[in-house]
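Student: Structure here, sequence nowhere to be found:
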């Protein structure tokens, strides 16, 4: 398996290690609430990732403007990242226009 794409969904910067640890624990806990994909079928990671973003939205970690459009954005971005699915390439990077940190999030 290769990491071909990273789509940034939050513009918030974590300024200290304690805040980062708390945020990381929250994200890990949300991810553990959903069974991960089996990785036996191409394309199954994106729907799981969208469900995770929705869960983070429900917890107030990110702002989600439109779940369906985010799914489309992720699919289009991943399709354009196939050339990056190689061991000698770093992942393709972009920032989502449909998902970001809520303005009241304290890190």
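Tutor: Happy to help now that I have it. Predicted model only: the values in this text are computed from it and were never measured. Numbers count the residues shown, from 1 in each chain.

Student: Quick check: residue 38 is in a helix.
Tutor: No. Applying DSSP: H, G, I helix; E, B strand; the rest coil, one finds residue 38 to be coil, outside a helix.

Student: Hmm, it is touching residue 44, no?
Tutor: Yes. Using CB atoms under 8 Å, residue 38 is in contact with residue 44, at 7.2 Å. C-beta: built from backbone N, CA, C; applies to glycine.

Student: quick one, which of the two is more surrounded?
Tutor: Using other CB atoms under 10 Å, the more surrounded residue of residue 38 and residue 44 is residue 44, with 13 against 7.

Student: Identify the residues contacting that one.
Tutor: By CB atoms under 8 Å, 6 or more residues apart in numbering, the contact set of residue 44 is 37, 38.

Student: Go through the protein and flag its longest helix.
Tutor: As assigned by DSSP state H, the longest helix anywhere in the chain is helix 17-32.

Student: Tell me the buried residues in that one?
Tutor: 23, 27, 30 (16 or more other CB atoms under 10 Å).
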